Every structure is written in C-alpha cells, then in structure tokens.
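Trainee: After the sequence you'll find the predicted model.
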Amino acid sequence: MTDQPTRAEEEAQWRRERILACAEEVFLRTGADGFTMEAVATEARYSVASLYNYFKNKGALTHALRVRLVEKLVGDLARLPAAEGTTEQALTAWVGHLTRDAEGSRRLIRALMQERPADLPPHGKRHLPAHSPWEALQRRITDLFARGQARGEIRADIDARTLALAFDGVMHSFAMRWAEDDAQATLAEAVPLMVGLFLTGAAAR
C-alpha cells in the first residue's frame, strides 16, 4: 500500500505545476531572451523568492520545462498502439501516435531550442534515468527491432539497441529542423517517409 500525499505535498505539487505552466507561457511569449525568474514570478503572481523554493535557478526551471515537454510528447506508453503487423507498420503507427502532440507544441519546442542547457556535459548528452518516459519508449522501440530481427525483417548484424538509438537520432534531428521552420510540412506527413528510409537501410540482407 502506497502512502497518500499529504495536503501540504499536494499543495506544493500544485504550485510547482502552476509555476511550470506560467513559465511555459513566458517562454512562448518572450523566447529565451526574455525568460527570467522575475518574468515567471510576475506571470504566476508569486514572489521571486517563492519560485526559488521550487527551482534553484533559471537553468533548473528551464530543464523542468524540457522534462515536462518530453513527458507530454511521449505520454503514457500504455496508450501506444500494439506492435502489430510488420516492423514498418508498427513503427509508423507508434511514431505517428507520438507526433500528434508535437504538432501543438511546435512553438514551445522552438523556444526551448534557443537556449542550450548550462548543465549539459561537454558531449551534449544528458543521462536519462531508466524510469524516464523517453528511455522507456526507447526500450519499446528496441524490443520492436528485436522482434523484427527474429522474423528476418531487420538486419541482424547490428544489435537492436543500436538500431533504436540510430532511429532516435533520425527522428530527433528532423524534429529539431522541423520546429525551426513553420513553413515545413507537418510531422504526420513526414513520418512514413522517415520510417521507410530508415528501414530501407536496416532491412535484412
């Protein structure tokens, strides 16, 4: 039996979510240049000192916005379609499902891209804990590729995890370019092309 949160804990979580929602509004309105703790405090109608009770600095608040966005885009993995059909059909269904929320978050993705996190390691890779939504999604894609290898659809000379990481890189690179230009096509239109091109190179030999 899990412990129920106390009223104080629920209140603190509510305040944190309110701060993040207001921070998102400020980021969308001003971009990275106008994003300050003072601006967020004004939007939330809290004192600046109150914000520091929840986020130690602007970098921590920005990172929390990124995590919030990833969680929104990835969402509940239980909602993803079952891995049915061929590898291409299953992967197209999964990625198409995940990109729906991204269409509505294009401006926020672009705004968050303007500011590189100060706490990223030199090589640009932040450690993802095993329980993170993105890591969990990557494990599911790895499993999908492993099943494709077992069926003889996917090349077996590269391990499934490496294939999943490579596919993640393709999707990530396109999404970043896509977010920068409002004139580009929707993600939904590009998903079958990206999946098809990737699987052409990953097809069994």
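Mentor: Perfect, I can see it now.
Trainee: Mind checking the pLDDT average for stretch 107-122?
Mentor: Averaging pLDDT along stretch 107-122 gives 57.
Trainee: Now the nearest residue to Ile19 once chain neighbours are set aside: phi and psi?
Mentor: Distance criterion C-beta to C-beta, 6 or more residues apart in numbering; nearest residue to Ile19, sequence neighbours excluded, is Ala44 at 5.4 Å. No exception for glycine: its C-beta is placed from N, CA and C like everyone else's. Here is the backbone geometry of Ala44 (degrees, to the nearest 10): phi -80, psi -10.
Trainee: isn't Ala44 right up against Arg16?
Mentor: No: assessed by C-beta atoms under 8 Å, Ala44 is found out of contact with Arg16, at 10.6 Å.
Trainee: Settle it for me: which of those two has more neighbours?
Mentor: Between Ala44 and Arg16, Ala44 has the larger neighbour count (other C-beta atoms under 10 Å), namely 19 against 15.
Trainee: For the more buried one, give me its contacts.
Mentor: Counting by C-beta atoms under 8 Å, 6 or more residues apart in numbering, Ala44 touches 18-19, 22-23, 51.
Trainee: how near is it to Ser50?
Mentor: Remark: distance between Ala44 and Ser50 (C-beta to C-beta, to the nearest Å) = 8 Å.
Trainee: distance of the residue nearest to the spatial centre of the chain from Ala64?
Mentor: When C-alpha atoms, centre = their mean is applied to the chain, the residue found nearest the centroid is Val70 (2.7 Å). With distances taken as C-beta to C-beta, Val70 is found 11 Å from Ala64.
Trainee: what's the answer for Asp159, then?
Mentor: From Asp159 over to Ala64 (counting by C-beta to C-beta), the distance is 34 Å.
Trainee: These two - which one has more neighbours?
Mentor: Between Asp159 and Ala64, Ala64 has the larger neighbour count (other C-beta under 10 Å), namely 16 against 13.
Trainee: what about the biggest helix by length in the chain, average pLDDT?
Mentor: When the chain is parsed with DSSP state H, its longest helix is helix 7-30. Here helix 7-30 scores 88 as its mean pLDDT.
Trainee: by contact count, what packs against it?
Mentor: Packed against helix 7-30 by the contact rule (3 or more C-beta pairs under 8 Å, 6 or more residues apart in numbering; DSSP states H and E) you find helix 37-44, helix 58-74, helix 106-113.
Trainee: Those helices: which one's closest to Arg205?
Mentor: Minimum separation from Arg205 across those (C-beta to C-beta) falls at helix 58-74, 31.8 Å.
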